[in-house]
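Student: Sequence isn't available, so here's the structure alone:
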């Protein structure tokens, strides 16, 4: 794998982790949302990753000539919505309470969401470090050729 392909792979990882972090922040922001435009409480969302071939003009020619696949990066395969029944809490004075006084709240645990958010942050940082290392190697190679 060339250093330029490494930049592409690290970039795809940073992009995927950024999108994952956005979904996790949305989950945290809506942890107490009992009414959405669709009706009912907010539904937790989760990001599913899958490997994806990173293509560049040069890697396409390389793969064509050697019948090899290019470097594998990552992409968002899907964003799934939690379809479990909402958590029901007894809050009789709440405007969204039913006739029994129960309110449907999103089924998510803010502590788990924060741990997942820290994990996404660390994944992003690891990809950024790999990107920086490859960039530094490219710059040093250029300096050696001068």
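Tutor: That came through, no problem. Since the structure is predicted, the reported quantities are computational estimates derived from the model, not experimental observations.

Student: what secondary structure does the residue nearest the centre of the chain sit in?
Tutor: By CA atoms, centre = their mean, the mean C-alpha position of the chain lies nearest to residue 20, the distance being 1.9 Å. Secondary structure assignment for residue 20 (DSSP: H, G, I helix; E, B strand; the rest coil): helix.

Student: residues contacting it?
Tutor: 47, 49, 76, 116, 120, 123 (CB atoms under 8 Å, 6 or more residues apart in numbering). Quick note: C-beta positions are derived from backbone N, CA and C, even for glycine.

Student: These into TSV, with extra columns for secondary structure and distance to residue 136?
Tutor: Output for these, formatted as TSV (DSSP: H, G, I helix; E, B strand; the rest coil; distance: CB to CB, whole Å):
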residue	secondary structure	distance to residue 136
47	strand	30
49	strand	27
76	strand	29
116	helix	31
120	helix	25
123	helix	21
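
Student: Can you tell me which of these is nearest residue 93?
Tutor: Of all these, residue 116 has the smallest distance to residue 93: 32.6 Å, by CB to CB.

Student: any idea how far residue 79 is from the spatially closest residue to the closest one that is not a sequence neighbour?
Tutor: The shortest distance from residue 116 to any non-neighbouring residue, by CB to CB, 6 or more residues apart in numbering, is to residue 24 (5.4 Å). Distance check for residue 24 against residue 79: by CB to CB, to the nearest Å, it reads 11 Å.

Student: Show me the shaky parts of this structure.
Tutor: The chain contains residues with pLDDT under 70 at 1, 54-70.

Student: ok, now with 50
Tutor: By pLDDT under 50, the chain contains no weakly predicted segment.

Student: Might you report the residue contacts of the nearest residue to residue 21 once chain neighbours are set aside?
Tutor: Nearest residue to residue 21 in three dimensions, chain neighbours excluded: residue 120, at 4.4 Å (CB to CB, 6+ apart). Residue 120 makes contact with 17, 20-21, 24 under the criterion CB under 8 Å, 6+ apart.

Student: again, only this time at 6 Å
Tutor: 17, 20-21 (CB atoms under 6 Å, 6 or more residues apart in numbering).

Student: likewise residue 117?
Tutor: residue 24.

Student: Check for me that it belongs to a strand.
Tutor: No: counting by three-state DSSP, residue 117 falls outside a strand, being helix.
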